[in-house]
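>>> Pasting the sequence and the predicted coordinates here, then a few questions.
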Amino acid sequence: MRNRQEQISQVVVTAVQMRHIEERIFAAGMHVAALMEKVAGLIARRIQDIYPNFGQEGEKDAGTQRCGDAESKNVSVSLRLPLFASSVSSPHFPSLSSSIRVGILVGPGHNGGDALVVARELYFRGYEIWIYSAFSKLKELTAQHLQYAQSLGIPCYQEISQLQDCDFLVDGLFGYGLERTLTDPIAAAIDRLNEWNKPIISIDLPSGLHTYTGEVLGTAIRATHTLCLGLWKLGLLQDQALDYVGKAELIDFDIPLADVQAVLGDTPKIKRITPATAFSTLPLPRPPVTHKYKEGHLLLICGSRRYAGGAILTALGARASGVGMLSIAVPESLKPILVSHLPEALIVGCPETETGAIAQLQLPEKTDLSSFHAIACGPGLTKDATAIVQEVIASDAPLILDADGLNILAQLGTIPTLQKRKATTVLTPHTGEFQRLFPDIPDPKHDRVLAVREAAAQSGAVVLLKGARTAIANPQGLVWINPESTPALARGGSGDVLTGLLSGLLAQAVTKQIAVEDIVATAAWWHSQAGILAAQERTELGVDAFTLTQYLMKILSNPKV
Ligand SMILES: NC(=O)C1=CN([C@@H]2O[C@H](COP(=O)(O)OP(=O)(O)OC[C@H]3O[C@@H](n4cnc5c(N)ncnc54)[C@H](O)[C@@H]3O)[C@@H](O)[C@H]2O)[C@H](O)CC1
Ligand SMILES: [K+]
């Protein structure tokens, strides 16, 4: 069970893949109406958890209401209502005097069908239900559910204004069947109800979002909650969708893993990072007998007179990774500062250019670049250190390039420069650096998965494209997406911390048979979880990069796996 849930939570699908999986379920004998009943039943129960109904009305006795005759209105108050129901208003809707009023938005397809089953179920649980359905042509099953809802006396409107006084809305306009840009009257209705600022629970996806890219097709529902059905839809993990998704959760309706594997194959091309996948690559537990050099020797090449802090933050990220030995090459003038912050590290003072950048790498005796299990180069380096970047690119050590290391690579010509490398290369650009590195790849903001995949394939490197939903691709097209993060990390230096943490983990893993992209995914997850925990304790304004380094360990010491 646990393993199935874990596997299901890693899966990410497109609309086409979801439809194929559904067709296999129906072909195997599950009737669409039965599946809709099961799925919508799970949705209705989740909505009751989110907005429990404390109103007078209480449970409607289904039996007596079938024909919708008026006198059966005064219903029996169900036993499950808390004793003092009459005096307590709903915590979510303090102004409430009686039942919670729910507006149900019904589209022409099965997303609308789900919403109508939810409407009926909430109606029987005592919620006041108002339906909005402006489509003349409905799919058969959806039309049947609308007919039944109306037979219960549930009011159904074609004007969205009729739902203005509801307490929250359930969005069943469109799910993964949305094929084209939304037009009026539905587009105008969505814009109107978005202005109401009422809580909106979207079924499967916020209506209007493209299931793959997360792009807004004309307009889209701004949901407070999105209840994604069965398997995570890629569009919900794309940065451009996040203003619309709200709090996203998966409603697992027991899709057999065999059907998922049959459609996605044994190695799905796009996967969600989970706590379990992240922890699975960590170098824990350590072997009882070991020594510092067996636990990875990392070389950081970073910093300049202008950007001293970047070197410190990168090093503190590396310290948190647990790497056995840490050497840090910096301009000679920064050596005392680094020693004071990281007494355990080997600080290599290097000759400087006039501008205070590293002019030449001056490694200790009997040491060259191949002495290190991994090298990270870039944070705070400035663009005056081109020779250093050329030197590390020419080395055969696993290399992580970030910040100015990336800007210099872009100047050198990303693809031709990296094509000479045989060893592992990891690039960690934010969107701006990505566009400088890969000017011929379409703007990532339209489709980050396509962009990061193209970049990795063309460069032969593992590429981590930073964002609210960081995407990581290997040259073979496998993509990891980090499903959680926090805007609190939008601070100078948090990227340096990621570079240090990532390269420290890579230095520890090169001797172990772990895929590079899996380690990079672990670092991205660990980094964002530390930001989330820090923001919970210090608000989204309280996560400066140094503070972030102090929260990294907390993620490992109280894992939620
Ligand atoms: N995942 C599952 O196994 C289940 C999913 N269910 C729900 O069904 C929808 C998918 O249903 P489908 O009917 O295929 O699509 P939609 O309801 O999303 O809408 C498609 C419907 O809308 C028309 N259409 C498309 N684009 C537009 C547009 N821009 N303007 C107007 N109309 C448009 C299109 O022609 C179709 O008629 C899924 O999301 C789940 O919510 C089931 O409940 C069962 C299990
Ligand atoms: K929807």
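Happy to help now that I have it. Numbers count the residues shown, from 1 in each chain. Ligands and ions are numbered 1, 2, ... in the order given.
>>> Tell me the helix or strand right after the strand or helix carrying Ala258.
Per DSSP states H and E: Ala258 is located in helix 257-264. Sequence order places strand 270-272 as the next helix or strand after helix 257-264, per DSSP H and E.
>>> Let me see the mean pLDDT of that next one.
For strand 270-272, mean pLDDT rounds to 97.
>>> helices or strands up against it?
Packing partners of strand 270-272 (3 or more C-beta pairs under 8 Å, 6 or more residues apart in numbering; DSSP states H and E): helix 2-10, strand 12-13, strand 479-481. For the C-beta atoms, the positions are set from N, CA and C on the backbone; glycine is no exception.
>>> For ligand 1, find the nearest of those.
Nearest to ligand 1, of all those, is strand 12-13, at 9.3 Å by C-beta to the nearest ligand atom.
>>> near ligand 1 at all, the closest one?
No - on the criterion C-beta under 6 Å from any ligand atom, strand 12-13 is out of touch with ligand 1, staying 9.3 Å away.
>>> show me where pLDDT drops low in the stretch 401-550 of the chain?
For the stretch 401-550 of the chain, no stretch is flagged by pLDDT under 70.
>>> repeat that for 90
Residue ranges of the stretch 401-550 of the chain with pLDDT under 90: 442-443, 445-446, 510-513.
>>> where does it come near ligand 1, residue by residue?
Residues of the stretch 401-550 of the chain lying near ligand 1 (C-beta under 6 Å from any ligand atom): none found.
>>> which one is Val32 nearest to, not counting chain neighbours?
Phe26 (5.9 Å; C-beta to C-beta, 6 or more residues apart in numbering).
>>> So the one you found is in contact with Leu35, correct?
Yes - here Phe26 reaches Leu35: they are 7.5 Å apart, a contact under C-beta atoms under 8 Å.
>>> higher neighbour count, those two?
When Phe26 and Leu35 are compared for neighbours, Leu35 comes out ahead with 19 against 12, by other C-beta atoms under 10 Å.
>>> For that one, which non-adjacent residue is spatially closest?
Ile25 (6.6 Å).
>>> Can I take it that the one you found is in a strand?
No - checked against DSSP: H, G, I helix; E, B strand; the rest coil, Ile25 lies outside a strand; its state is helix.
>>> Next, count neighbours for it.
Using other C-beta under 10 Å: Ile25 sits among 18 other residues.
>>> Can you verify my assumption that it contacts Ile255?
Yes - if you go by C-beta under 8 Å, Ile25 and Ile255 touch, sitting 6.9 Å apart.
>>> Could you list the buried residues of the helix ranked longest in the chain?
When the chain is parsed with DSSP state H, its longest helix is helix 516-538. Judged by neighbour count (16 or more other C-beta atoms under 10 Å), helix 516-538 contains these buried residues: 516-535.
>>> Can you tell me the number of residues neighbouring the closest residue to Ala308 other than its chain neighbours?
Closest residue in space to Ala308, ignoring its immediate chain neighbours: Leu334 at 5.2 Å, by C-beta to C-beta, 6+ apart. When neighbours are counted by other C-beta under 10 Å, Leu334 registers 26.
>>> Just the element for Met30, please.
Residue-wise, Met30 maps onto no helix or strand under DSSP H and E.
>>> just the angle between the helix holding Ala258 and helix 2-10, please?
If you take axes from the mean of the first three to the mean of the last three C-alpha atoms, to 10 degrees, helix 257-264 sits at 30 degrees to helix 2-10.
>>> in helix 257-264, what's buried?
Buried residues in helix 257-264 (16+ other C-beta under 10 Å): 259-260, 263-264.
>>> what do you get for stretch 480-492?
480-486, 488-489, 491.
>>> ditto for stretch 495-512
Buried residues in stretch 495-512 (16+ other C-beta under 10 Å): 495-510.
>>> tally of neighbours for the spatially closest residue to His225 that is not a sequence neighbour?
Leaving aside its sequence neighbours, His225 sits nearest to Ile201 (C-beta to C-beta, 6+ apart; 4.6 Å). By other C-beta under 10 Å, 26 other residues sit near Ile201.
>>> same check, this time on Thr213
For Thr213, using other C-beta under 10 Å, the count is 20.
>>> For the stretch 51-200 of the chain, which residues are neighbours of ligand 1?
Near ligand 1, when you scan the stretch 51-200 of the chain using C-beta under 6 Å from any ligand atom, you find 107-114, 139, 174-182.
>>> Mind checking which of those are buried?
Buried among those by 16+ other C-beta under 10 Å: 107-114, 139, 174-178, 182.
>>> Following the lowest-mean-pLDDT helix or strand in the chain in sequence, what is the next regular element?
When the helices and strands of the chain are scored by mean pLDDT, DSSP states H and E, helix 62-65 comes last with a mean of 43. As assigned by DSSP H and E, the chain's next helix or strand after helix 62-65 is strand 101-106.
>>> so how far is the helix or strand just after that following strand from its chain's centroid?
Note on strand 101-106: by DSSP H and E, the next helix or strand toward the C-terminus is helix 110-124. Chain-centre distance of helix 110-124: 28 Å, with C-alpha atoms, centre = their mean, to the nearest Å.
>>> Please apply the same query to stretch 135-150.
35 Å.
>>> Please spell out which residues along that stretch are buried.
Here stretch 135-150 shows 135, 138-139, 141-143, 145-146, 149 as buried, counting by 16+ other C-beta under 10 Å.
>>> From Arg436, how far off is the residue nearest to Ala308?
Between Leu334 and Arg436 the computed distance is 26 Å (C-beta to C-beta, to the nearest Å).
>>> Now the spatially most central residue of the chain, what are its backbone angles?
The residue lying closest to the centre of the chain (C-alpha atoms, centre = their mean) is Pro483, at 2.0 Å. For Pro483, the backbone dihedrals (degrees, to the nearest 10) come out as phi -80, psi 0.
>>> and the residue lying closest to it once chain neighbours are set aside, how far is that from Asp254?
Closest residue to Pro483 apart from its sequence neighbours, by C-beta to C-beta, 6+ apart: Arg272 at 5.0 Å. For Arg272, the distance to Asp254 (C-beta to C-beta) stands at 19 Å.
>>> More neighbours: these two, which one.
For Arg272 and Asp254, the more surrounded residue by other C-beta under 10 Å is Arg272, and the numbers stand at 22 against 12.
>>> Show the contacting residues for that one.
9-12, 232, 237, 480-481, 483 (C-beta atoms under 8 Å, 6 or more residues apart in numbering).
>>> wait, which of those residues is closest to ligand 2?
Trp232 (14.7 Å; C-beta to the ion).
>>> tally of neighbours for Gln419?
Residues near Gln419, counting by other C-beta under 10 Å: 11.
>>> Now do the same contact list for it.
Contacts of Gln419 (C-beta under 8 Å, 6+ apart): Gly460.
>>> Please report how far it lies from Gln458.
In terms of C-beta to C-beta, Gln419 sits 9 Å off from Gln458.
>>> who in the protein is up against ligand 2?
171, 202-203, 207 (C-beta under 5 Å from the ion).
>>> Asp165 and ligand 1: what is the separation?
As judged by C-beta to the nearest ligand atom, to the nearest Å, Asp165 and ligand 1 stand 26 Å apart.
>>> what's the answer for His430, then?
33 Å.
>>> do Gln144 as well
13 Å.
>>> Tell me the secondary structure at that residue.
In three-state terms, and counting by three-state DSSP, Gln144 is helix.
>>> Got the confidence number for the nearest residue to Lys271 once chain neighbours are set aside?
Distances taken as C-beta to C-beta, 6+ apart put Gln10 closest to Lys271, at 4.9 Å, once the chain neighbours are dropped. On the pLDDT scale, Gln10 is placed at 96.
>>> could we number from 487 for the rest of this?
Will do, 487 is the new start, and the previous item becomes Gln496.
>>> Run through the residues that contact Gln496.
754, 757-758, 760, 763.
>>> Quick check: the two most widely separated of those?
Distance extremes for the contacts of Gln496: the farthest pair is Pro754 and Thr760 at 13.1 Å, using C-beta to C-beta.
>>> Can you name the residues that contact His711?
Taking C-beta under 8 Å, 6+ apart, one finds 536, 685-688, 732-735 in contact with His711.
>>> Show me which of those residues are buried.
For the contacts of His711, buried by 16+ other C-beta under 10 Å: 685-688, 732, 734.
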